[in-house]
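1. quick one, structure for this:
(chains A and B)
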Amino acid sequence: MSEHFDFAIAGSTPLAALLAGVLAREHGAKICRIGDFRHALRPQGGFDISAGPLTRPETWRLLRSTIPQTLKILGEIGDGKVFERVDPLMVSITQEGADALAHMRNVAQEYGFQIERQAISTVFSAGYQFRDAVRVLRRPLTAATAEWLAACGVTSLSPEGVTIRPQKHGDVRLEWDGHKATADCLILAGDEAILKYGEPEYVARQFEQIPISALLTEPAGPLETSVVHVIDSGLTLYQRHTGALDCVGTGPADAIGEAACLHLKHDQRLQLAGLAHYTGLRARDGASVFGGSRDNGIVYLAGLGVTGLFQLPALARVLAKAGGPVESAYFAARAPARNGLRPAIAEFMPNGQMAAAS
Amino acid sequence: MSGFRIPSREGNPFNGHQIAERQPLQFRLNGRRISGFAGDSVLTALLASGVDCAGTHQGFPIALDAHLDLFVRLADAPDDLSSALPMARTPAVDGADFKIFRQTEKPGLWHWLKQVRQRDTHSLRLDFDAPLLSPAPGDAPLEAHKGADFVVVGGGIAGLSAAAHAAAAGQSVILIERRAYLGGDAVLFGHAAGEEPPDNAIARLSRLIADAGNVTVLTSANAVAVTGNTVRVHQVVMRDGRPVARQLHLRAEHIVLATGTADRLPLFPGNRLPGVTSLSSAFHRASAYGIWPGVPSVIALNGNAGYRLALLAQDAGLDIGKVMDARLEPQSRFAEFTKAYGIKSEAGLRPQSVQLNANTGGLFVKMELSWEGGRGDFEPLQAGAMIASGGWMPRLALWQMAGGGLQVDADGRIRAEGTLGSVALAGSCANYASNTAILRSGTNAVDHLLGRTVSPIEDKVIDPAFESPDGDFPVSQLPETNTLAPRYFDTGKTLVSAPRPVQGGMFTRASHAHPGPVMIADTALSLGDVATLTAIGEVLPQAFTTIVEERVVPPTRFTAPARPAADSAQPPQDAGIPAYLSHRFGADAQLWEIDGEDGRAFQTGNLLYANSDTHDPMEALGVIISVTHGNNRNALALLAAGQAGHQIMVRSQRGHTSARIIRAVTPD
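-> Prediction:
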């Protein structure tokens, strides 16, 4: 007799893994997670930070309650040493970006987030620094999550050798190593999972594909602060305690490397230590996506940005149909639209290319 | 004991074929006077002068060798990256004044005090823990160079064979060799009965190439990347008696990579301390420059070439204290000769750790059994130097950069996989072992690229019953500890080592298969690093290719683009509504001009409310989207609904302030 799951969650991001554990442990769901973790030697594919360039007030309102809940979950993994406190700096080069950051600030601070305007160099038109945000340490989290998922009762499968077949009635069939299983719902958590398992026509209609480069540099001099985000281009930088930089952005590696140099306080040169290319997805209105077509039981989770992991508790509640009215309305508004456009929730969109500094 | 010049004598295989003992010279390096001979490089002159330590890394001394890729410049050359000269490929020049390039030298009283310690007088005192921007090949001035039909990378017997064969086929050839001389490692490996001795093959092929007229040989030239049909090369040449570096981009119809093999560094604490040398480095320093790292020498090996080095060293009058072979019952004609020569050798042993002997300047070498879980209760050996070999790895970095495939086994042994259109492999990097096969592979590579028929190569290897193959990669079972020097994964400049226990009593898991917390390496990796990580289980074989593609990257530097001039003149504000504000205040929200009533300034993003009782953004009626240029008490606002003359509250950093709605604005 084949096994049955409530949810099959495909994705190799921390959000995918933690969502599996929270649904299993806190909502009693039977979960199969299909995903691996990025090897620690590979350049970082993304970041999980509790503050990001968000302009919609409902998102900040959601985060106000979900960040502490997420920290409680993170505190139970890896002896609680899977996150650190950071003061992310959001900067812009263009006036449009500066305006968006100003809007972000005025909204975020009303929900209790500490954010200050900073004088940055003449290259940048604006800078705002969050105080006391949280950044997830993906490597220690990765090392500790397998054990946590097992304790939550999640069945974990590596994507290699797993076949996923969505069925007409909305459920999903899974096959691996001679095993067969079904799931009521398939959640595609993250761009890689969507590109691998999503319906190609649907994905093409809802998302644009953008080339992303993830760089690791050798140790360099200090950045303005350990986390920097350039809103115009979508470039995010993180400086490790060794001085090495993780840089993730859209476009070619050269442009990302050069733009990263601008944020070094002195000796603005960087040496490449690693480079990965992959394809990301962005909704056509820049906002997150939660939901799927009505034809099958696939739920697409995309575009949640750096703060996505910190929306985890609400995501799990809504998926488990235990969400409160406010969070249920929030995610309902983020369901995909037929034409891919949702003006009521559109976010600031980076230009998709590295903005030239000159 | 540190490196020294081997006394020359007749029949000495280590007489130093590159140096002219009748032409001594002296130069300065960072003010220190260094002696050498014509034919020395800056590096070999340093080594022969007893400078065997490059500096410190993670608190321990690190050996000076070519793999660290240190750079110098002439003191009167511009102090910029274009003047950088690689120490290992820069000729020592009589009377020259060199400076070590752009390395952080430890200043201050503490280091003056440390001068009195023996090891520091043999050290360049560089700090490898400080962030450094080392010169990259791309910093050298780019010179135009005519391409050729063939570029052959590697001047060993496979490369010589390929170059000679291509020349004989009427093709123009450029042969690139990173050392100052041709020949590669063939003499170290010797030859089987019935094969052409490598010395003969090298001499014969070198003559053919010299006589051909259509072969350009570039020595002291390092191929750094292969992109499409272009080979990027960094070379040091002499011009007007001065060494200069240049960059060449050689375009070729066909490329043969005959890049040979590199030593694998056995994994044990102290594997890069001063006095510890790889087999290949020890051989080339001895045969080309007459330099030996120290006596008595301990040789740790897991293959047969190490026995041959021991024999050659014995012939040169050098004291080989012991040969330890990690294989349990190795069979080799060279091992038999070693015993016949009276050299102590023992099987089933591998290095457990090496420490510096502060009294003698030599080493304490601790051994462990290479079986039974690595039990090691042996008395440490005292040695002047240690020559350590963990086997051989094909040099495939250029192949990988050119897009060639790689596969690896669980022991970290790499092989090339697949084919590339205009690039072919030859020699030991293509996994050929016998000299006959290696020579043949050079001609076959050329024939293959020319579209000719090639017949399979029979690689006649001596029966393993008589010549044991290389053993498993030697990994010390000693738990990681901060009291011993790091265990490095490779010989190169990446300096990636096994993670060490965190200070303050938090210890890592200590088994060799999982040396600790997840590896975090913040430099570009070498193929050797990734191979070792695979051998110790930190990288699974199926993840090897991805890690190599993403972390074994060509030297690439980024610099900040030129900054734009500060622009204080703001352009007129665009009255359009940005997408992130659409529907924020309803589908019918409009633009209104508003005016401050109490003189306080507005800012873009300030929210507007009906009254001062609330500041919940979800209850805001509007937002300021721009302030009027030169007068920020007058602004453009997006409002859910408005009426001229009505009052509204603006929420700023200082709290609420009142404003009046002036008039509706229609966007252009």
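2. how far does the longest strand anywhere in chain A sit from the chain's center?
-> With secondary structure taken from DSSP state E, chain A has its longest strand at strand A:269-283. Taking C-alpha atoms, centre = their mean, to the nearest Å, one finds the center of strand A:269-283 at 15 Å from the center of the full chain.
3. which residue ranges of the stretch 451-600 of chain B form helices?
-> Applying DSSP state H, counting those that start in this stretch to the stretch 451-600 of chain B gives helices spanning B:527-535, B:541-551.
4. mind giving me the packing neighbours of the first one?
-> In terms of contacts (3 or more C-beta pairs under 8 Å, 6 or more residues apart in numbering or on different chains; DSSP states H and E), helix B:527-535 is packed against strand B:392-394, strand B:405-408, helix B:541-551. The way it works is simple: take the backbone N, C-alpha and C, and place the C-beta from them, glycine included.
5. partner strands of the lengthiest strand in chain B, parallel or antiparallel?
-> If you go by DSSP E, chain B has its longest strand at strand B:242-257. According to DSSP bridges, strand B:242-257 has the following sheet partners: strand B:142-143 (parallel), strand B:148-153 (parallel), strand B:230-239 (antiparallel), strand B:423-425 (parallel).
6. what comes up buried for stretch B:159-170?
-> Neighbour counts over stretch B:159-170 (16 or more other C-beta atoms under 10 Å in any protein chain shown) mark B:G159, B:L160, B:S161, B:A162, B:A163, B:A164, B:H165, B:A166, B:A167, B:A169 as buried.
7. relative to B:G16, how far out is the second one?
-> Distance, B:L160 to B:G16, using C-beta to C-beta, to the nearest Å: 22 Å.
8. likewise the last one?
-> With distances defined as C-beta to C-beta, the gap from B:A169 to B:G16 amounts to 36 Å.
9. mean neighbour count, the helices and strands packed on helix B:527-535: which tops it?
-> Greatest average neighbour count among the helices and strands packed on helix B:527-535 goes to strand B:392-394 (a mean of 23), per mean count of other C-beta atoms under 10 Å in any protein chain shown.
10. for chain A, see how far away B:N12 is.
-> The gap separating B:N12 from chain A is 43 Å, by C-beta to the nearest C-beta, to the nearest Å.
11. just after the longest strand of chain B, pick out the following helix or strand.
-> strand B:261-263 (DSSP states H and E).
12. if we can go back for a sec, and chain A, which of the buried residues of stretch B:159-170 reach it?
-> The subset of these within reach of chain A, by C-beta under 8 Å from any C-beta of the partner chain, is empty.
13. nearest to chain A among these?
-> B:G159 (29.1 Å; C-beta to the nearest C-beta).
14. from the chain's centroid, how far away is the strand or helix carrying that closest one?
-> Under the criterion of DSSP H and E, B:G159 resides in helix B:157-168. Remark: helix B:157-168 is offset 28 Å from the chain centroid, using C-alpha atoms, centre = their mean.
15. check stretch B:469-478 too.
-> When distances are taken as C-alpha atoms, centre = their mean, stretch B:469-478 is centred 23 Å away from the chain's centroid.
16. likewise stretch A:68-84?
-> Here stretch A:68-84 shows a centroid-to-chain-centroid distance of 17 Å under the convention C-alpha atoms, centre = their mean.
17. so what touches that stretch?
-> Residues from elsewhere that reach stretch A:68-84, judged by C-beta atoms under 8 Å, 6 or more residues apart in numbering or on different chains: A:18, A:21-22, A:50, A:134-137, A:140-141, A:143-145, A:148, A:309-310, A:312-313.
18. keep the residues you listed, but drop any that are not near chain B.
-> Among the contacts of stretch A:68-84, the residues within reach of chain B (C-beta under 8 Å from any C-beta) are A:P140, A:A143.
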